[in-house]
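Visitor: structure for this input, please:
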Amino acid sequence: MSVRKTELSRAGLVVYNLLYWPYLITTSALLFGPALVIWLFTFWQRRRRLLHAYTSFWGAHYLAWAPFASVRVEGREQALSGGPCVYVSNHQSMVDILAAFALYLPYLWVSKVENFYTPFLGWTMWLNRYVPVRRGHLPSIRKMLRRCEARLGEGQSLFVFPEGTRSPDGEIQRFFRGAFWIAVRNDVPIVPVVIEGTGGILPKRSFLIAPQAVVARILPPIHPRDFEKNDRRLRDHVHAVMTGELARLRAPSPDANPPPAGR
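Guide: Reported below is the predicted structural model:
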């Protein structure tokens with residue numbers, strides 16, 4: 001099942017971006033107010049589910065409701081029946097964050113600390129108790145691991161991009177061990193999420209939005225016990241599963257070019 005590309009011409013994209021970016025900036029400032037109010041009434045709660053649900057709606061609408069764009073979520077039932085888990089997703093674009101919000105699942109982001117300083121939406125990440133990490137900084141990584149274990153101990157799930165950064169070509173890059181080490185150490189399943197279409201919306205090193213359809217497919221949980229709690233084997237298996245699923249998402253639909261009708 002292939003994802004359709006943008007329907008807009010070059011001139012259409014210019015007009016779209018002249019409208020989209022001011023809308024995003026303005027509404028981010030406006031929507032931060034209700035988030036702050038929710039936090040003021042729930043800040044003592046460890047599980048800030050109401051705030052996360054609001055943040056998910058806020059972030060998702062920039063993609064799911066945008067003209068000429070959409071998010072189709074598949075397999076959401078895979079993630080609703082179990083307890084805490086570690087969601088891992090491929091990472092094609094910054095838009096992946098918006099697609100992940102559109103899952104409307106309870107989880108905490110594990111994200112590079114720079115994202116937390118983005119005005120308004122980034123500040124809300126602090127209010128949600130999401131987990132920051134400074135890439136390549138060992139003390140920060142150790143602190144992140146301790147925080148992740150504490151959050152899982154509270155019964156909360158995590159969401160991680162195990163590639164560590166956006167893919168330069170849309171293909172799934174090698175995975176770092178962290179998410180899988182955490183899953184093994186805390187005996188919680190990995191739930192893979194494969195996102196396709198975001199790389200075409202906002203490629204790496206580009207600021208031109210090209211709206212199109214996105215698919216976010218949630219795969220069945222994969223438990224560390226099935227790999228004798230070996231995080232490297234778990235990591236390699238999840239990588240293979242997600243790579244195969246991404247190829248299936250990109251495969252042309254069988255009825256995309258139907259044969260001509262016979263006489």
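Visitor: how far does the helix or strand hosting Val238 sit from its chain's centre?
Guide: Val238 belongs to helix 231-250 when assigned by DSSP states H and E. Centroid separation between helix 231-250 and its chain, computed with CA atoms, centre = their mean, to the nearest Å, is 16 Å.
Visitor: check stretch 17-24 too.
Guide: Using CA atoms, centre = their mean, the offset of stretch 17-24 from its chain centre is 22 Å.
Visitor: list the contacts of that stretch.
Guide: Tyr62, Ala66, Phe207, Leu208, Ile209 (CB atoms under 8 Å, 6 or more residues apart in numbering). Glycine gets a C-beta too; all of them are placed from N, C-alpha and C.
Visitor: who's in contact with Ala79?
Guide: Cys85, Tyr87, Leu103, Leu105, Val191, Ile218, Pro221.
Visitor: I meant to write His223 there.
Guide: By CB under 8 Å, 6+ apart, the residues touching His223 are Pro189, Ile190.
Visitor: measure it to Ser111 for me?
Guide: 25 Å (CB to CB, to the nearest Å).
Visitor: check Phe159 too.
Guide: From Phe159 to Ser111 the distance is 9 Å (CB to CB).
Visitor: which of those two has more neighbours?
Guide: Phe159 (24 against 19; other CB atoms under 10 Å).
Visitor: can you name the residues bridging to the more buried one?
Guide: Applying DSSP bridges to Phe159 yields these beta-bridge partners: Tyr87, Trp109.
Visitor: my guess is it meets Leu108, correct?
Guide: Yes - the pair Phe159 / Leu108 is scored as a contact, 7.0 Å apart, by CB atoms under 8 Å.
Visitor: tell me the contacts of Thr55?
Guide: Applying CB under 8 Å, 6+ apart, we find Thr55 in contact with Ala35, Phe101, Leu121, Thr124, Met125, Asn128.
Visitor: tell me who's in contact with Arg147.
Guide: So Arg147 contacts Val131 (CB under 8 Å, 6+ apart).
Visitor: now it. Its backbone dihedrals?
Guide: With angles defined as degrees, to the nearest 10, Arg147 sits at phi -60, psi -40.
Visitor: which parts of stretch 172-190 are buried?
Guide: 172-173, 175-176, 178-184, 186, 188-190 (16 or more other CB atoms under 10 Å).
Visitor: what's that stretch in contact with?
Guide: By CB under 8 Å, 6+ apart, the list of residues contacting stretch 172-190 reads 82-88, 90, 110, 141, 144-145, 148-149, 152-153, 158, 160, 162-164, 167, 221-225, 229-232, 234-235, 238-239, 242-243, 246.
Visitor: buried among these? Make that a PyMOL selection.
Guide: The PyMOL command for the buried members of those (criterion: 16+ other CB under 10 Å) is given here:
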select buried, resi 84+85+86+87+88+90+110+144+145+148+152+158+160+162+163+164+167+221+222+223+224+231+234+235+238+239+242+246
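Visitor: burial count for Leu36?
Guide: Neighbour number of Leu36 under other CB under 10 Å is 14.
Visitor: bridging residues for Val193?
Guide: Beta-bridge partners, per DSSP bridges, of Val193: Ser89, Ile218.
Visitor: quick one: the helices in this structure, in order.
Guide: In the chain, the helices defined using DSSP state H lie at 10-42, 49-64, 96-101, 121-127, 138-153, 178-186, 198-201, 231-250.
Visitor: out of these, nearest to Glu74?
Guide: Closest of these to Glu74 is helix 231-250, at 9.4 Å (criterion: CB to CB).
Visitor: what angle do the closest one and helix 178-186 make?
Guide: 130 degrees (axes from the mean of the first three to the mean of the last three CA atoms, to 10 degrees).
Visitor: and the residue most central in space within the chain, what does it touch?
Guide: By CA atoms, centre = their mean, the chain has its centre lying nearest to Ala100, at 3.4 Å. By CB under 8 Å, 6+ apart, the contact list for Ala100 reads Tyr87, Ser89, Phe159, Val193, Ile195, Ala216.
Visitor: give me that answer again for 7 Å
Guide: Ser89, Phe159 (CB atoms under 7 Å, 6 or more residues apart in numbering).
Visitor: for the one 10 residues further on, same thing?
Guide: If a contact means CB under 7 Å, 6+ apart, then Val110 has Val131, Val133, Met144, Cys148, Leu158, Phe159, Val160 as its contacts.
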